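Q: Quick one: sequence plus predicted model below, questions after.
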Amino acid sequence: MQVRASHILVPTLAEAINLQEQITGGADFGFMAKLHSKCPSGQNGGDLGPFGRGMMVKPFEDAAFGSNVGDVIGPVQTQFGYHLIKRTA
């Protein structure tokens, strides 16, 4: 089984919460990824493409696989920082 997700990676919990509030308030996830994500995928609206189990770090994978298409999950902390994750397929 595979899922597809986009994410926004930021260094601090405060920044992740602020972005989450903006997205919940109607800001476009992809646009916010382009503006704020520290991951190179941000330039593609945060799109990570499809991935299976074992391809991402465990907290990220658990959040992505545990959500429904269209859900925005997070902040999820990993060794890379704080992620907001949007499952897209």
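A: In hand now; what should we look at? In this text the structure is predicted, and so the values were computed from the model without any measurement.
Q: For stretch 39-53, list the C-alpha coordinates in PDB.
A: Taking Å, rounded to 0.1, in the frame of the first residue of the first chain, the C-alpha atoms of stretch 39-53 are listed here in PDB:
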ATOM      1  CA  CYS A  39      12.500  21.000   2.500                       C
ATOM      2  CA  PRO A  40      13.400  21.200  -1.200                       C
ATOM      3  CA  SER A  41       9.900  19.700  -1.900                       C
ATOM      4  CA  GLY A  42       8.500  23.100  -0.800                       C
ATOM      5  CA  GLN A  43       9.100  24.400  -4.300                       C
ATOM      6  CA  ASN A  44       6.700  21.800  -5.500                       C
ATOM      7  CA  GLY A  45       4.000  22.800  -3.000                       C
ATOM      8  CA  GLY A  46       5.500  20.200  -0.600                       C
ATOM      9  CA  ASP A  47       4.600  17.200  -2.800                       C
ATOM     10  CA  LEU A  48       6.600  14.100  -1.800                       C
ATOM     11  CA  GLY A  49       4.900  11.900  -4.300                       C
ATOM     12  CA  PRO A  50       3.700   8.300  -3.500                       C
ATOM     13  CA  PHE A  51       5.600   6.300  -0.800                       C
ATOM     14  CA  GLY A  52       5.100   3.100   1.000                       C
ATOM     15  CA  ARG A  53       5.800   1.900   4.500                       C
END
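Q: Now that stretch: buried residues?
A: Cys39, Ser41, Gly42, Gly45, Gly46, Asp47, Leu48, Phe51 (16 or more other Cβ atoms under 10 Å). No exception for glycine: its C-beta is placed from N, CA and C like everyone else's.
Q: For the third one, grab phi and psi.
A: Which is Gly42. In terms of degrees, to the nearest 10, the main-chain angles of Gly42 are phi -60, psi -30.
Q: where does the nearest residue to Thr12 once chain neighbours are set aside land in three-state SS?
A: Spatial nearest neighbour of Thr12, excluding adjacent residues (Cβ to Cβ, 6 or more residues apart in numbering): Tyr82 at 6.7 Å. Per DSSP: H, G, I helix; E, B strand; the rest coil, the local secondary structure of Tyr82 is strand.
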